[in-house]
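> could you work out the structure for the sequence below:
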Amino acid sequence: MPPAPAADPSDTDDVRAAANGDRLAFQRLYRLHVGRVHGALYRLAGYDHARAEDLTQEAFVRAWQKLASFRGDSAFGTWLYRLAVNVALMDIRSRGADPVSTMDEDDIPDRGDTPFCAAERDELERAIGGLPPRARAVLVLHDIEGWRHEEIGAELGMAVGSSKAQLHRARGLLRKVLGERS
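All right, here's what the predicted structure looks like:
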């Protein structure tokens, strides 16, 4: 898993205050961490804006509810990120093998500068968004979020080999959709 962003010096104080019920401290934590959380959930939700917003809101509600259980063994941002990803993975599990809806062109995100043209980025995001949910989860967690197969397997309840197979499947489906040869 990629390292959490450097902690704000007030992060620790805000975590302590929020755990004691200080809503303004939690609001500061929200502002500090919402970008990273939303970005991960947006990709895991297949670039579905509404679903990513719902998952982000649910993740922060759960964080507020579980804040007292935060032990400080890791940075707060790492704990929050992991909690948020678990919210998304539970959502994927609850949806089972239901097909992922196809996105309209208007739903493709407008991102900042990228190393490739906007049309290629849009095509790639549509292709990732159209992957089956578990294959998409493995691809996003491994190739975008930087997780190891052992972590993915533990979170998704699958063997390491199954995680690798899902990643291979996801990449193959992307190649097929994007018109590349194996």
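> C-alpha from now on. contacts and neighbour counts both.
Fine.
> and stretch 13-23, C-alpha only, in CSV?
The C-alpha atoms that make up stretch 13-23 are tabulated as CSV, following Å, rounded to 0.1, in the frame of the first residue of the first chain:
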residue,chain,number,x,y,z
ASP,A,13,-4.4,16.7,18.1
ASP,A,14,-7.4,16.7,15.8
VAL,A,15,-7.7,12.9,16.0
ARG,A,16,-7.6,13.0,19.8
ALA,A,17,-10.1,15.9,19.9
ALA,A,18,-12.5,14.3,17.3
ALA,A,19,-12.4,11.0,19.3
ASN,A,20,-13.7,13.1,22.3
GLY,A,21,-16.6,14.4,20.2
ASP,A,22,-15.1,17.6,18.7
ARG,A,23,-16.9,17.9,15.4
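> so which bits of it are buried?
The neighbour-count criterion (16 or more other Cα atoms under 10 Å) identifies D14, V15, R16, A18, A19 as the buried residues of stretch 13-23.
> three-state assignment of L131?
coil (DSSP: H, G, I helix; E, B strand; the rest coil).
> that older thread, can you lay out the buried residues of stretch 13-23 as TSV showing pLDDT, distance to L139 and secondary structure?
Conversion of the buried residues of stretch 13-23 to TSV gives the following (pLDDT from 0 to 100; distance: Cα to Cα, whole Å; DSSP: H, G, I helix; E, B strand; the rest coil):
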residue	pLDDT	distance to L139	secondary structure
D14	92	34	helix
V15	93	32	helix
R16	91	35	helix
A18	93	34	helix
A19	93	34	helix
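> make CSV out of the residues you listed and add distance to S94.
Output for the buried residues of stretch 13-23, formatted as CSV (distance: Cα to Cα, whole Å):
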residue, distance to S94
D14, 33
V15, 30
R16, 33
A18, 30
A19, 29
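> which among these gets closest to G153?
Nearest to G153 out of the buried residues of stretch 13-23 is V15 (Cα to Cα; 29.9 Å).
> and for the longest helix seen in the chain, what's in contact with it?
Looking only at the chain and at elements set by DSSP state H, the helix with the highest residue count is helix 23-44. Outside of helix 23-44, the residues that reach it under the criterion Cα atoms under 8 Å, 6 or more residues apart in numbering are 11, 14-15, 17-18, 48-49, 51-53, 55-56, 60, 64, 77, 80-81, 84-85, 88, 129, 136-137, 140, 145.
> please apply the same query to stretch 156-171.
Stretch 156-171 is touched from outside by L89, L131, R134, A135, R136, V138, L139, H142, H149, E150, I152, G153, with contacts defined as Cα under 8 Å, 6+ apart.
> go with 10 Å
Counting by Cα atoms under 10 Å, 6 or more residues apart in numbering, the neighbours of stretch 156-171 from elsewhere in the structure are 86, 89-90, 92-93, 127-128, 131-143, 148-154, 172-177, 182.
> quick one: buried ones out of those residues?
86, 89, 92, 127-128, 131-142, 148-149, 152-153, 173-174, 177.
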